[in-house]
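Engineer: sharing a sequence plus its predicted fold:
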Amino acid sequence: GVKACRMEAERPGAAEDYERLIRATVPAGSSGMPQFDLVLLGMGADGHTASLFPDTLALREEECLVVLNDVPQFATQRVTMTYPLINVAARRWFLVKGADKAPAYARIHAHGDVPAARVAEADWFVDPAVVGG
């Protein structure tokens with residue numbers, strides 16, 4: 001069955017608690033890590049995905065599945081899934097809309113350095129404005 005797990009990002013300790021919840025409720029895949037069937041992602045004009053923003057510490061996380069990420073460009077903190085969790089999902093889909101995303105999308109497909117480019121093989125669902133159409 002389907003189970004929704006609300007991420008209470010506004011609460012101290014939320015990242016650690018959400019990781020514990022994922023580990024307790026999401027079945028492990030062949031890697032031994034929790035494996036979602038599908039991770040549905042968006043992408044910002046700066047190429048961020050989830051709350052993995054350019055030049056932030058969460059981009060370098062290799063062990064934790066969920067972290068609190070300082071995002072100085074927006075003067076905030078965000079709880080985010082990390083690449084280790086996103087990249088072991090059975091499937092990853094991006095849903096991207098808007099001409100403002102076209103430069104980041106082009107960088108990804110030219111092997112660019114935006115955060116969304118570090119997501120493992122994914123299916124992309126984009127509107128024509130994203131691909132310059």
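Structural biologist: Received the coordinates, thanks. Numbers count the residues shown, from 1 in each chain.
Engineer: which non-adjacent residue is nearest the residue nearest the centre of the chain?
Structural biologist: For the chain, Ala50 is the residue whose C-alpha lies nearest the centre (Cα atoms, centre = their mean; 3.3 Å). Of all residues not flanking Ala50 in the chain, Thr80 sits nearest, at 4.6 Å (Cβ to Cβ, 6 or more residues apart in numbering). Using the backbone N, CA and C atoms, a C-beta is placed for each residue, glycine as well.
Engineer: buried residues in the helix or strand containing the one you found?
Structural biologist: Per DSSP states H and E, Thr80 falls inside strand 76-81. Of the residues in strand 76-81, Gln77, Arg78, Val79, Thr80, Met81 count as buried by neighbour count, 16 or more other Cβ atoms under 10 Å.
Engineer: dump those residues into a markdown table; add distance to Pro12 as well.
Structural biologist: Supplementary listing: the buried residues of strand 76-81 in a markdown table, determined by distance: Cβ to Cβ, whole Å:
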| residue | distance to Pro12 |
| --- | --- |
| Gln77 | 10 |
| Arg78 | 14 |
| Val79 | 11 |
| Thr80 | 16 |
| Met81 | 19 |
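Engineer: how about those residues in TSV, adding distance to Val96 and pLDDT?
Structural biologist: TSV is the format used below for those (distance: Cβ to Cβ, whole Å; pLDDT from 0 to 100):
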residue	distance to Val96	pLDDT
Gln77	24	89
Arg78	19	91
Val79	22	93
Thr80	18	95
Met81	18	96
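Engineer: sketch out the low-pLDDT regions of the protein for me.
Structural biologist: Residue ranges of the chain with pLDDT under 70: 1-7, 9-10, 133.
Engineer: so which residues of it form helices?
Structural biologist: Counting by DSSP state H, the chain has these helices, from start to end: 14-25, 83-86, 102-109.
Engineer: can you put those helices in JSON lines and add distance to Val96?
Structural biologist: Below are these laid out as JSON lines (distance: least, Cβ to Cβ, whole Å):
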{"stretch": "helix 14-25", "distance to Val96": "25"}
{"stretch": "helix 83-86", "distance to Val96": "16"}
{"stretch": "helix 102-109", "distance to Val96": "7"}
